[in-house]
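Q: Sequence first, predicted coordinates after that:
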Amino acid sequence: MASSPYVTAEGYALLNQELTERWARRRDVVKALSAAAAEGDRSENAEYIYRKKELREIDRRIRYLQKRLPDLKVVDQAPDNQSQIFFAAWVTVETEAGDEKEYRIVGPDEIDASKGYISIDSPLARQLLGKTLDDEVVIEVAGQKKIYFVLAIRYS
């Protein structure tokens, strides 16, 4: 399944910043690679081998970002109906055990568990979309049913 093309304005800015930083890092790696290559025998040159690998990884990420960024659809306005859960919503849910958790529904390029950012493509986010306060959401994870109750929805 292809990932959703949606991204928040903050997420888009971070991806653009990452692309700029990768290009700058690439210039440094190319200089180091040239210096390592000038040292002679490349087959046993650890610095040369390491820099080649690093350059491949940087180029792979740059290619991905250059292809992905033009396809992204930036969602930078809250929906008219803010009592329902849509993309970019902050949602506070309660588990069956009584634990409260806050998640933000973001694009797949913005996932960050430490911030509570979950992909719009995740099972929980897909079930939350369109729900309102006090709705119950049931998802199945690894053969187990998990039940969540919507406690709060916000867009700021």
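A: Great, that's in hand.
Q: Check for me that residue 78 belongs to a strand.
A: No: counting by DSSP: H, G, I helix; E, B strand; the rest coil, residue 78 is not part of a strand but coil.
Q: what comes up buried for stretch 13-25?
A: Taking 16 or more other Cβ atoms under 10 Å as the basis for neighbour counts, the residues of stretch 13-25 that come out buried are 15, 19, 22. Where you see a C-beta, it was placed from the backbone N, CA and C, and this is true even at glycine.
Q: For residue 64, see how far away residue 14 is.
A: 14 Å (Cβ to Cβ, to the nearest Å).
Q: likewise residue 79?
A: With distances defined as Cβ to Cβ, the gap from residue 79 to residue 64 amounts to 29 Å.
Q: Ok, residue 132 next?
A: The span separating residue 132 from residue 64 equals 36 Å under the rule Cβ to Cβ.
Q: Between those two, which has more neighbouring residues?
A: Neighbours per residue, other Cβ atoms under 10 Å: of residue 132 and residue 64, the larger number sits with residue 64, 14 against 11.
Q: Can you name the residues bridging to residue 91?
A: In this entry, residue 91 is beta-bridged to residue 103, residue 153, by DSSP bridges.
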